[in-house]
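Asker: show me how the following folds:
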Amino acid sequence: MSKRKMSEKEFWESKGWKSYDTAWEAVGMAPEEAELAETKFQMARKVKELRSAGGITQTELSARMGTSQPRIVALENAEHTTLDSFFQAFRALGVSAREFGKMFGVRKSA
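Answerer: I've put the predicted structure just below:
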């Protein structure tokens with residue numbers, strides 16, 4: 001009888017290490033919290049991408065939003081930022097509600 005080779009995960013767990021499927025699970029976030037955090041990270045990446053592609057500086061975006069440049073840094077890093085701040089940033093970058101929906105897969109309900 002051949003012995004099944006142990007997976008890397010099984011190996012480390014046999015040595016007393018704990019493995020996680022996601023970073024969110026590792027820090028003890030509930031699935032709902034993790035989903036919100038992931039959404040914020042996706043939005044932050046998209047704000048930075050749109051701002052850079054449009055040749056807009058963080059200072060220019062902050063002026064459009066009526067906030068400070070350090071707040072834009074925080075927003076682009078998804079740090080201490082509300083969803084409302086992301087929506088304001090998208091609007092300041094000229095993203096319509098329809099375009100926003102397309103970016104994040106929102107479908108119009110019947």
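
Asker: for the rest of this, base every contact and every neighbour count on C-alpha atoms.
Answerer: OK.

Asker: mind picking out the helix or strand in this structure with the poorest mean pLDDT?
Answerer: Within the chain, no helix or strand scores below helix 23-26, which has a mean of 76 by mean pLDDT, DSSP states H and E.

Asker: from the contact counts, what lies against that one?
Answerer: helix 31-53 (3 or more Cα pairs under 8 Å, 6 or more residues apart in numbering; DSSP states H and E).

Asker: whichever helix or strand comes after the helix it packs on - what's its average pLDDT?
Answerer: Next along the chain after helix 31-53, taking DSSP states H and E as the criterion, comes helix 58-65. Mean pLDDT, helix 58-65: 97.

Asker: and the residue nearest the centre of this protein?
Answerer: F41 (1.1 Å; Cα atoms, centre = their mean).

Asker: count of neighbours near the nearest residue to V73 once chain neighbours are set aside?
Answerer: Spatial nearest neighbour of V73, chain neighbours left out: Q58 (7.4 Å); criterion: Cα to Cα, 6 or more residues apart in numbering. When counting by other Cα atoms under 10 Å, one arrives at 19 neighbours for Q58.
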